[in-house]
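In: sequence isn't available, so here's the structure alone:
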């Protein structure tokens, strides 16, 4: 099977669904002629024209407001907020309009819209362009939250998002765009929301990781395998809806859990995952749950400090050793 980058997989999902469904359109800052800051919408303007690929003013409120109104009227907008850090200026449209209209009108108003945005550290973009904020959206009833980690998942999940019929927040880690490649079928396919994927089978410890951290966890698991430690890596793929059953079954097998996210630990997605397991599988745990997250601080601009900020394979390995009751090698 051919391989695609993460960005190209997203581009193909958009292109194929726009060809299939004329109600789908794209809007956002620089998504048209420029093709998006990371090239995800490259080439779509040339094929579909300005009626379906719209460059917008620098107004996140207008972008989400347009998406809410046009989706309620029967279109399927896929709108881009350039960085998740900008979400604060359009939260009313998202959490009070998009998330609640279907509920408030008894299902008569449908909001089939997708909000794509990028997040995460590692590109020297500093404190206002590098945060991970998935837990903000998890807390809002009415929003679905998608966090792909591979090109295969990115294409399938974005296709599902465009067909779901509800407001979907689709989070893309900027590190993955051109760095991660993987096998992706040429035909369209959907990946159901609320179904986690076991990226690596193991028996000694369960590591639940999201987005960029999935790859860090897999690298750590590969290193630990040389020492005879078998790590199971589970990728939730969506945080709302959330597949707690797959994670709990894994913990029942391994009896240990490490949660790895790039969010800060305080009130983050890692806290929710840990709480679910503590609630449903406490008696199966042979050690306390460990979390490997970013420190509770804004993302630093300094390259050295930024690398220290991002959870590393070494920190994941240290946490795994701790739940296994093993001394960490010097």
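Out: Looks like it came in fine. Keep in mind that what you see is a predicted model, and the values were worked out from it rather than measured.

In: okay, CA-based contacts and neighbour counts for the rest of this
Out: Noted.

In: where does the stretch 201-330 of the chain have low pLDDT?
Out: Along the stretch 201-330 of the chain, the model assigns pLDDT under 70 to residues 327-330.

In: any idea how far the closest residue to residue 179 other than its chain neighbours lies from residue 123?
Out: Nearest residue to residue 179 in three dimensions, chain neighbours excluded: residue 5, at 7.1 Å (C-alpha to C-alpha, 6 or more residues apart in numbering). With distances taken as C-alpha to C-alpha, to the nearest Å, residue 5 is found 17 Å from residue 123.

In: comparing the two, which residue is more hemmed in?
Out: The residue with more neighbours, out of residue 5 and residue 123, is residue 5; 21 against 14, by other C-alpha atoms under 10 Å.

In: quick check: bridge partners of that one?
Out: Beta bridges link residue 5 to residue 181, judged by DSSP bridges.

In: that one and residue 178 touch, don't they?
Out: Yes - judged on C-alpha atoms under 8 Å, residue 5 makes contact with residue 178 at a distance of 5.7 Å.

In: now that residue 208 has come up, it's in contact with residue 250, right?
Out: No - in this structure, residue 208 is not within contact of residue 250 by C-alpha under 8 Å, at 9.7 Å.

In: show me which of those two is the more surrounded one.
Out: Neighbours per residue (other C-alpha under 10 Å) separate residue 208 from residue 250, with residue 208 holding more: 28 against 24.

In: contacts only, for that one.
Out: Counting by C-alpha atoms under 8 Å, 6 or more residues apart in numbering, residue 208 touches 214, 233, 234, 235, 236, 247, 257, 258, 259, 260.

In: same question, residue 224
Out: 230, 231, 317.

In: quick one: buried ones out of those?
Out: 230, 231, 317 (16 or more other C-alpha atoms under 10 Å).

In: redo those residues as CSV? Include secondary structure and distance to residue 99.
Out: Shown next, in CSV, are those (DSSP: H, G, I helix; E, B strand; the rest coil; distance: C-alpha to C-alpha, whole Å):
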residue, secondary structure, distance to residue 99
230, coil, 41
231, strand, 37
317, helix, 39
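
In: which of these sits closest to residue 141?
Out: Taking C-alpha to C-alpha as the measure, residue 141 lies nearest residue 231 of these, at 33.4 Å.

In: report the contact partners of the nearest residue to the closest one once chain neighbours are set aside.
Out: Closest residue to residue 231 apart from its sequence neighbours, by C-alpha to C-alpha, 6+ apart: residue 202 at 4.5 Å. The neighbours of residue 202, taking C-alpha under 8 Å, 6+ apart as the test, are 230, 231, 232, 233, 254.

In: also residue 26?
Out: Neighbouring residues of residue 26 by C-alpha under 8 Å, 6+ apart: 52, 53, 54, 77, 78, 79, 80.

In: returning to what we had before: kindly state the pLDDT recorded for the residue nearest to residue 179?
Out: For residue 5, the pLDDT comes out at 98.

In: how close does it sit to residue 209?
Out: Counting by C-alpha to C-alpha - residue 5 and residue 209 are separated by 20 Å.

In: same question for residue 154.
Out: Distance, residue 154 to residue 209, by C-alpha to C-alpha: 16 Å.

In: count of neighbours near residue 188?
Out: By other C-alpha under 10 Å, 13 other residues sit near residue 188.

In: before we move on, what about residue 191?
Out: By other C-alpha under 10 Å, 17 other residues sit near residue 191.

In: likewise for the one 3 residues further on?
Out: Here the count is done by other C-alpha under 10 Å, and residue 194 has 20 residues near it.

In: likewise for the one 4 residues further on?
Out: Here the number of neighbours of residue 198 (other C-alpha under 10 Å) works out to 18.

In: check contacts around it.
Out: Residue 198 sits next to 232, 233, 234, 235 when contact means C-alpha under 8 Å, 6+ apart.

In: swap the cut-off to 10 Å and go again
Out: 206, 207, 208, 232, 233, 234, 235, 236, 246, 247, 250 (C-alpha atoms under 10 Å, 6 or more residues apart in numbering).

In: please flag which of the residues you listed sit within helices.
Out: Secondary structure of the contacts of residue 198 is defined by DSSP state H; positions in helices are 246, 247, 250.
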